[in-house]
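In: Predicted model follows, preceded by the sequence.
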Amino acid sequence: MSLETVTERMAAGDGGVSWILSVTVAAVLALAAATLFHLWMQTRRYVQLGNLIPGPVAYPLIGNANMLLGKTHNQIMEKAMELSYVYGTVARGWLGYHLVVFLTEPADVEIILNSYVHLEKSSEYRFFKPWLGDGLLISSGDKWKSHRKLIAPAFHQNVLKTFIDVFNDNSLAVVRRMSKEVGHVFDCHDYMSEVTVDILLETAMGSTRTGENKAGFEYAMAVMRMCDILHKRQLKIHLRLDPLFNLTGVKKEQERLLHIIHSLTRKVVREKKQLYARQLAEGRLPSPSLTEVIGKQEKPVEGGGVAHISQGSLLRDDLDDNDENDIGEKRRLAFLDLMIETAHNGANISDEEIKEEVDTIMFEGHDTTAAGSSFVLCLLGIHQHVQERVYAELRQIFGDSPRPATFGDTLEMKYLERVIFETLRMFPPVPMIARKLNEDVQLASKGYTVPAGTTVVIGTYKIHRRADLYPHPDTFNPDNFLPERTQHRHYYSYIPFSAGPRSCVGRKYAMLKLKVLLSTVLRHYRVVSHLTEKDFKLQADIILKRTDGFQIQLEPRA
Ligand code: HEM
């Protein structure tokens with residue numbers, strides 16, 4: 001039909017208009033039908049691929065959501081474990097029409113974690129957003145990539161060495177504080193949490209919470225309480241839903257705490273920036289520059305400033321550089337200073353983004369290490385012969401001297417290192433990791449294809465308890481990490497710090513801090529516990545903890 005005819009018909013009045021209307025409606029309907037057909041085909045493929053993976057019978061509309069009804073987060077985790085016993089190392093569940101796939105086979109886990117494509121976090125991580133904004137833990141795409149590149153050098157081994165004094169001073173302070181607990185059973189997590197926040201305040205922001213600095217004290221308390229709120233939101237179904245959460249007092253408390261946290265981080269970023277500019281103008285810098293500390297001859301390794309903690313090189317890799325030229329050990333550098341310097345040198349990062357990264361480090365570095373160190377103390381309290389071996393190693397390093405630990409000493413703490421690794425195997429502080437797939441993934445296991453849009457849950461806790469990977473997996477045995485044992489295990493069968501490009505950027509920091517803290521505590525006290533690890537009541541939400549408390553007793557060492 002020519003344009004003329006159409007114009008003629010339009011000019012003809014009502015009949016023409018209704019004809020045009022009919023054509024438009026028909027076109028819209030055809031388009032809608034085509035879109036629906038496309039969606040249906042896609043959904044059909046999604047559902048078909050999902051249903052090829054073994055899992056429980058799913059019901060229309062709800063899928064397997066009935067299995068979650070009325071369950072606590074803990075029971076859900078237990079259910080997921082159960083499913084993997086019944087259905088094997090690849091198991092699926094349907095939340096309505098949303099596919100969730102559980103992986104516990106290292107070769108499959110490697111495909112996800114070692115990829116630069118599947119880096120997006122699942123929607124579960126949204127609770128962190130009001131606190132951490134678009135910080136490293138939850139950001140994605142180019143932002144994550146560029147910030148990771150920027151932050152990784154701040155965790156370089158030579159930077160970490162500058163923290164030794166902070167680690168030592170705070171460890172000794174907590175040993176003194178714990179002296180009032182001698183002789184009775186107490187929860188060591190409170191102490192581990194407090195000392196961890198103190199250390200983070202100094203190493204992340206260059207602040208302390210002692211002395212006149214009331215803001216630092218309030219900040220530390222707010223960080224601890226915010227972590228509790230995040231736990232609550234994972235556990236309580238009504239707090240998970242934003243509209244309901246917004247009506248609660250917990251939301252008000254969250255706002256109050258975030259006001260304290262963000263005000264201080266913003267203020268510290270602003271002041272540090274001004275100080276940096278002033279000192280630069282005066283021709284002096286507040287601290288040695290990042291390049292000076294890292295050293296020109298050493299190139300930071302992509303993804304964390306250190307090679308990945310791998311099975312073959314697990315022990316060597318953790319603190320591999322036995323360089324006694326401890327540059328800057330007396331000159332403390334906070335991550336914040338390093339980020340300000342990097343921004344000054346032209347990196348594309350705003351003040352607000354720097355604030356988000358500092359907040360992220362405060363969160364990620366807190367609960368994980370507090371839980372990790374508490375589990376170590378509980379396990380050593382139970383396994384006295386292991387504790388005696390650790391103590392013998394420490395006596396060999398320090399003799400009778402009360403001197404603080406040096407970086408070189410931490411390299412000698414080989415057995416303590418194995419104890420920490422074994423603890424993180426049995427009780428990984430981050431018990432599972434979740435990713436959202438943006439592309440289909442072909443798994444190594446039985447050739448399953450997991451379709452784009454699926455949430456993949458990597459069951460770290462379950463992988464670490466596989467009897468084919470760790471003989472007697474429920475027995476605490478630090479020798480699981482003897483080099484001759486680790487070299488025969490799959491690289492992805494030990495992932496407490498995750499692995500691949502999105503692995504924990506703070507893993508070397510964590511290991512160094514744990515060694516200094518635990519060695520200081522163990523040089524002063526014998527830890528005692530009358531329980532066994534079978535008595536532990538575990539709570540698995542964001543961070544694995546004991547709901548019965550981390551109960552131990554202390555006896556002073558002569
Ligand atoms: C025992 C102690 C620690 C454990 C077990 C641990 C574990 C983990 C795990 C499993 C992840 C990946 C999370 C995911 O993909 O969902 C992660 C990420 C991260 N961790 Fe740690 N962590 C520890 C200590 C620390 C410390 C001390 C810091 C900082 C001072 C830190 C900073 C981070 C950051 C910033 C990320 C996000 C990395 C990214 O997405 O690129 N962690 N950690």
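Out: Good, I have the coordinates.
In: nearest spatial neighbour of Gln387, skipping sequence neighbours?
Out: Leaving aside its sequence neighbours, Gln387 sits nearest to Leu380 (CB to CB, 6 or more residues apart in numbering; 4.2 Å). Backbone N, C-alpha and C define where each C-beta goes, glycine included.
In: how much space between whatever residue of the chain ends up closest to the ligand and Ala34?
Out: Scanning the chain for proximity to the ligand using CB to the nearest ligand atom identifies Gly506 as nearest, at 2.2 Å. Distance, Gly506 to Ala34, using CB to CB, to the nearest Å: 50 Å.
In: hey, C-alpha coordinates of stretch 232-248 in PDB?
Out: Provided in PDB are the C-alpha atoms of stretch 232-248 (Å, rounded to 0.1, in the frame of the first residue of the first chain):
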ATOM      1  CA  LYS A 232      20.100 -10.800  62.100                       C
ATOM      2  CA  ARG A 233      19.000  -9.900  58.600                       C
ATOM      3  CA  GLN A 234      20.400 -13.200  57.300                       C
ATOM      4  CA  LEU A 235      18.700 -15.200  60.000                       C
ATOM      5  CA  LYS A 236      15.200 -13.600  60.400                       C
ATOM      6  CA  ILE A 237      12.900 -13.900  57.500                       C
ATOM      7  CA  HIS A 238      11.000 -10.700  58.200                       C
ATOM      8  CA  LEU A 239      14.200  -8.700  58.400                       C
ATOM      9  CA  ARG A 240      15.300 -10.100  55.000                       C
ATOM     10  CA  LEU A 241      12.400  -8.300  53.200                       C
ATOM     11  CA  ASP A 242      13.200  -4.600  52.800                       C
ATOM     12  CA  PRO A 243       9.700  -3.300  53.200                       C
ATOM     13  CA  LEU A 244       9.300  -5.100  56.500                       C
ATOM     14  CA  PHE A 245      12.800  -4.400  57.700                       C
ATOM     15  CA  ASN A 246      12.200  -0.700  57.000                       C
ATOM     16  CA  LEU A 247       9.400  -0.700  59.600                       C
ATOM     17  CA  THR A 248      11.500  -2.200  62.400                       C
END
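In: buried sites along stretch 520-538?
Out: 520-527, 529, 533, 536, 538 (16 or more other CB atoms under 10 Å).
In: In a markdown table, list these along with secondary structure and pLDDT.
Out: Below are the buried residues of stretch 520-538 laid out as a markdown table (DSSP: H, G, I helix; E, B strand; the rest coil; pLDDT from 0 to 100):
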| residue | secondary structure | pLDDT |
| --- | --- | --- |
| Thr520 | helix | 98 |
| Val521 | helix | 98 |
| Leu522 | helix | 98 |
| Arg523 | helix | 98 |
| His524 | helix | 97 |
| Tyr525 | strand | 98 |
| Arg526 | strand | 98 |
| Val527 | strand | 98 |
| Ser529 | coil | 95 |
| Glu533 | helix | 90 |
| Phe536 | coil | 92 |
| Leu538 | strand | 87 |
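In: list the contacts for the residue nearest to Gln387?
Out: By CB atoms under 8 Å, 6 or more residues apart in numbering, the residues touching Leu380 are 386-387, 390, 419, 522, 527.
In: ok so, going back, so the residue of the chain closest to the ligand touches Val159, yeah?
Out: No. Using CB atoms under 8 Å, Gly506 makes no contact with Val159, being 11.6 Å away.
In: Domain-wise, how is this structure divided?
Out: 3-43, 145-299+306-428+474-556 (the TED database).
In: rank those by pLDDT, which is bottom?
Out: Least confident of these, judged by mean pLDDT, is domain 3-43 with a mean of 71.
In: What parts of the stretch 251-400 of the chain come near the ligand?
Out: 360-361, 364-365, 368-369, 372 (CB under 6 Å from any ligand atom).
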